[in-house]
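Novice: compute the structure for the input listed below.
(chains A, B and C)
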Amino acid sequence: MVLPLSFYTREDVVRIARELLGKVLVTEFDGVRTAGMIVETEAYAGATDRASHAWNHRRTARTEVMYASGGVAYVYLCYGIHHLMNVVTHREDVPHAVLIRALEPLEGIEEMLLRRGKQSFHPSLTAGPGALSEALGIRTVHTGYSLLGPELFIEDRGIRVPAKKIVASTRVGVSYAGPDALRPYRFYIAGNNFVSKGKGLPLP
DNA sequence: CAAACGATTTTCT
DNA sequence: GAAAATCGTTTGG
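Specialist: Predicted coordinates:
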């Protein structure tokens, strides 16, 4: 089933990040379907989190969509090259979000190879936030799109990720965030080949 | 209006 | 392991 709006509008963004592991992200642009199981996420706790684009209620044209009510996508361009996709959570005016960092491909692998310009199936196809966005055709034009479909949605297909397989660590690439860089807000499935190689700071 | 920079990935040594 | 690629967003003058 497609995750309902009530999944996204809850208050605990860290819990939502953890619960997104094992869910399936699907895109269907121009009738082409691609999908993958989420294996790595990061929570960004809005105004109180220095690592967040919305830290201290920073509000710009780019981050405006983070202030929407949960259940929409926040997609932005990083390093001029990579499109990074986030799930907006919580209620209106509370700019929480979860970055999707890695997927295990499930459907439309041929199309993913085409979009990524790859010859063969390899974890680098969808391991990493920029890579998975390219594989699924997600670009900044999709920011603000509903996560309830029809072109972009997340499903629960009954995949259960045992708590013992969920690892918490620090977030990748946020060392500028001072003490907040130490928050254990990154989650991934232990042993999954499609988890990105990115590293955060060592946990205290 | 100019300039620095980034929640990354790939390639080259 | 280091460095380049590449451009929209943000910030400072």
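Novice: next, give phi and psi for A:Trp55.
Specialist: When quoted as degrees, to the nearest 10, the phi and psi of A:Trp55 stand at phi -60, psi 140.
Novice: just A:Leu103 next, same as before
Specialist: Dihedral angles for A:Leu103 - degrees, to the nearest 10 - are phi -130, psi 150.
Novice: tell me the contacts of it?
Specialist: A:Leu25, A:Gly36, A:Met37, A:Ile38, A:Val39, A:Thr126, A:Leu132, A:Ala135, A:Leu136, A:Phe194 (CB atoms under 8 Å, 6 or more residues apart in numbering). Bear in mind the C-beta positions are built from the backbone N, C-alpha and C, glycine included.
Novice: check the nearest residue to it once chain neighbours are set aside and give its pLDDT.
Specialist: Nearest residue to A:Leu103, sequence neighbours excluded (CB to CB, 6 or more residues apart in numbering): A:Gly36, at 3.2 Å. We have a pLDDT of 98 for A:Gly36.
Novice: gap between the closest residue to DNA strand C within chain A and A:His122?
Specialist: At 2.8 Å from DNA strand C, A:Gly80 is the closest residue in chain A, using CB to the nearest atom of the strand. Distance, A:Gly80 to A:His122, using CB to CB, to the nearest Å: 25 Å.
Novice: more neighbours: which of these two?
Specialist: A:His122 (13 against 5; other CB atoms under 10 Å).
Novice: show me the strands in chain A, by range?
Specialist: Using DSSP state E, the strands of chain A run over residues A:24-29, A:32-44, A:73-78, A:82-89, A:96-107, A:152-155, A:166-169, A:186-189.
Novice: who in chain A is up against DNA strand B?
Specialist: For chain A, the contact set with DNA strand B under CB under 7 Å from any atom of the strand comprises A:42, A:44, A:51-54, A:74, A:77-82, A:84, A:86, A:97, A:99, A:116, A:124, A:128-132, A:171-174, A:176, A:196, A:198.
Novice: show me what from chain A comes close to DNA strand C.
Specialist: Residues of chain A lying near DNA strand C (CB under 7 Å from any atom of the strand): A:His53, A:Arg58, A:Thr60, A:Ala61, A:Arg62, A:Thr63, A:Tyr76, A:Leu77, A:Tyr79, A:Gly80, A:Ile81, A:Thr140.
Novice: list only buried entries from those residues.
Specialist: A:His53, A:Thr63, A:Tyr76 (16 or more other CB atoms under 10 Å).
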